[in-house]
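# Structure for the following, please:
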Amino acid sequence: MPKPTLSSMAAGEAAASTPLPEKPLATAKRSEIEGFMVMDVMNAASALERKGRNIIHMEIGQPGTPAPEAARNALRRALETDNLGYTLALGSDPLRQRIAQHYGETYNLDLDPARVIVTSGSSGAFILAFTALFDIGARVALPCPGYPCYRQILKSLDLVPELIETSAAGRWMPTFDDIEKSHQKSPLDGLLVASPANPTGTMLEPERLQELTDACHRLGLWFISDEIYHGLNYEMPATTALTYSDEAIVINSFSKYFSMTGWRVGWMIVPERFVRVFERLAQNLFICAPAASQAAALGAFEGAEEVDANKQTYARNRTLLLQELPKAGFQNIVPADGAFYLYCNISAFGMTSPELARRILEEAGVAITPGIDFDPIEGQNYVRFSYARSTADIAEATRRLIAWHQGFQ
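As a prediction, this is how the structure comes out:
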């Protein structure tokens, strides 16, 4: 029998002398949120890959290309010349100034760099916005289907996501009437809209965007505009909410258009009088966004030719999927205006979206995301395809899906 060690004896004494709690320790109720299903699908796909399967990833909203070479070169220079310590909580001055310049170049807006806040990805921006703008119990309207992390972050902050169901007929976007009816039913405190949207890829027409910003102004609601897919538009130009309202909170990111998902750097634009409010929160919650990522992000603006080439690949992929997916049983698809997603009805398959996604992954080797991740109400009847990979991958995926559908029938 081994002799007890000093550490084991101490542990035993502690166990003997420490009374059991009257009730078991438990995590806070605010932690009782749902997982991000797209990441669960990615886990399942990776498990099959470890067994030797070849999986085409159409589940994750992530470009298959790396950060622009200009961004990577900027980081290399920074590694040689900068200690990459803390930046200001609001972000490095050169990056904030360059983001402000971007608004002049892209939207013809004269933006004060003081209003720019660099964040740890768009996720950090949402946490800052929700914390700064809303007290516990506040109701924030979200179009549904929509990015699932909106509602989970809101719940974790003891806020109430108010889902506004949209439809394919309305191009998956809310109207002024939708907001007004929801507000009359139970007073709202804010509205968050993404354009181009995840998971549908549809966009707000400029007129409807102005209508929604005006409605929020009249009703006394915060308007939060998620613009992280700006730059990835095919059917119409993207319009920033700042065109219509200086009171809007605008959130953007280097993740999608600039192919920098893992770098975790984004930004937000806030009204000038509230900059200090956000700064105090950023100082305490995040200190600053990663300095290395900020250095790369500054360089990314010089990589326009490269990222525009990526966009052309997405455009080809979009055209290919719209042509081929109906042959695999996916009908009545609303063509996406932007981003790199298609949201497809699956009613004809006679199964739920999680079941269909599981079968297609296991039997066809294509990973897609169940619509229930984006819409807890009607999402059983939809799946999302991401086409942010090479055209060769997307073409192979369509071949597999068509072959699988022929066998399914």
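
# State which helix of this structure is the longest.
helix 304-324 (DSSP state H).

# Return the list of helices and strands in contact with that one.
strand 341-345, helix 391-408 (3 or more CB pairs under 8 Å, 6 or more residues apart in numbering; DSSP states H and E). (Glycine included, C-beta is placed from N, CA and C.)

# Same question for that helix: list its buried residues.
306, 307, 310, 311, 313, 314, 315, 317, 318, 320, 321, 324 (16 or more other CB atoms under 10 Å).

# before we move on, the earlier item: which among the helices and strands packed on helix 304-324 is found nearest to residue 282?
Counting by CB to CB, residue 282 lies closest to strand 341-345 out of the helices and strands packed on helix 304-324; the figure is 30.0 Å.

# The closest one to helix 304-324, inter-axis angle?
20 degrees (axes from the mean of the first three to the mean of the last three CA atoms, to 10 degrees).

# And the contacts of strand 341-345?
Residues outside strand 341-345 that contact it (CB atoms under 8 Å, 6 or more residues apart in numbering) are 61, 145, 168, 172, 198-201, 318, 321-322, 325, 330-334, 336, 371, 374, 381-387.

# Out of the helices and strands packed on helix 304-324, which one sits most buried?
Neighbour counts (mean count of other CB atoms under 10 Å) averaged over each of those peak at strand 341-345, with a mean of 24.

# Tell me the gap between that one and the middle of its chain.
From the chain centre to the centre of strand 341-345 is a distance of 16 Å (CA atoms, centre = their mean, to the nearest Å).

# What of stretch 191-202?
Relative to its chain's centre, stretch 191-202 lies at 10 Å (CA atoms, centre = their mean).

# if we can go back for a sec, mind putting the buried residues of helix 304-324 in TSV, pLDDT and distance to residue 396 included?
TSV is the format used below for the buried residues of helix 304-324 (pLDDT from 0 to 100; distance: CB to CB, whole Å):
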residue	pLDDT	distance to residue 396
306	95	24
307	95	24
310	96	19
311	96	21
313	96	15
314	97	17
315	96	19
317	97	12
318	96	16
320	97	11
321	97	12
324	96	11
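
# quick one: which of the residues you listed is nearest residue 405?
Proximity of the buried residues of helix 304-324 to residue 405, judged by CB to CB, is greatest for residue 324, which lies at 10.7 Å.

# So for the nearest residue to the closest one once chain neighbours are set aside, what's the pLDDT?
The shortest distance from residue 324 to any non-neighbouring residue, by CB to CB, 6 or more residues apart in numbering, is to residue 398 (3.9 Å). Looking at residue 398, its pLDDT reads 98.

# Can you tell me how far residue 398 is from residue 337?
Separation of residue 398 from residue 337 (CB to CB, to the nearest Å) stands at 21 Å.

# if we can go back for a sec, now the angle from the longest helix of the chain to helix 391-408?
20 degrees.

# got the contact list for helix 304-324?
By CB under 8 Å, 6+ apart, helix 304-324 touches 63, 65, 68-70, 231-232, 234, 257-259, 300, 333, 335-336, 340, 342, 385, 387-391, 394-395, 398, 401-402.

# Measure how far it is from the centre of its chain, please.
20 Å.

# on that earlier part again, JSON lines please, covering the buried residues of helix 304-324 and showing distance to residue 241.
Output for those, formatted as JSON lines (distance: CB to CB, whole Å):
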{"residue": "306", "distance to residue 241": "28"}
{"residue": "307", "distance to residue 241": "22"}
{"residue": "310", "distance to residue 241": "25"}
{"residue": "311", "distance to residue 241": "22"}
{"residue": "313", "distance to residue 241": "28"}
{"residue": "314", "distance to residue 241": "24"}
{"residue": "315", "distance to residue 241": "25"}
{"residue": "317", "distance to residue 241": "28"}
{"residue": "318", "distance to residue 241": "25"}
{"residue": "320", "distance to residue 241": "32"}
{"residue": "321", "distance to residue 241": "29"}
{"residue": "324", "distance to residue 241": "35"}
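
# Stretch 267-281: end-to-end distance?
Between the opening and closing residues of stretch 267-281 there is a gap of 15 Å (CA to CA, to the nearest Å).

# Same check on stretch 371-388?
End-to-end span of stretch 371-388 (CA to CA): 18 Å.

# Which residues belonging to that stretch are considered buried?
For stretch 371-388, burial by neighbour count (16+ other CB under 10 Å) applies to 371-375, 378-388.

# What about those, which are in strands?
Secondary structure from DSSP state E places 382, 383, 384, 385, 386 of these in strands.

# So what pairs up with the fourth one in the strands?
Listed beta-bridge partners, residue 385: residue 342 (assigned using DSSP bridges).

# For residue 354, see how far away it is.
15 Å.

# Pull the number of nearby residues for residue 175.
Residues lying near residue 175 (other CB atoms under 10 Å) number 15.

# swap that for residue 329, please
Neighbourhood size, residue 329 [other CB under 10 Å]: 18.

# right, and it touches residue 404 too?
No - using CB atoms under 8 Å as the test, residue 329 is too far from residue 404 to be in contact (9.2 Å).

# domains in the protein, as residue ranges please.
Domain assignment for the chain by automatic domain parsing gives 30-65+305-408, 69-303.

# from what I can see residue 287 touches residue 86, true?
Yes - with contact defined as CB under 8 Å, residue 287 reaches residue 86; the gap is 6.1 Å.
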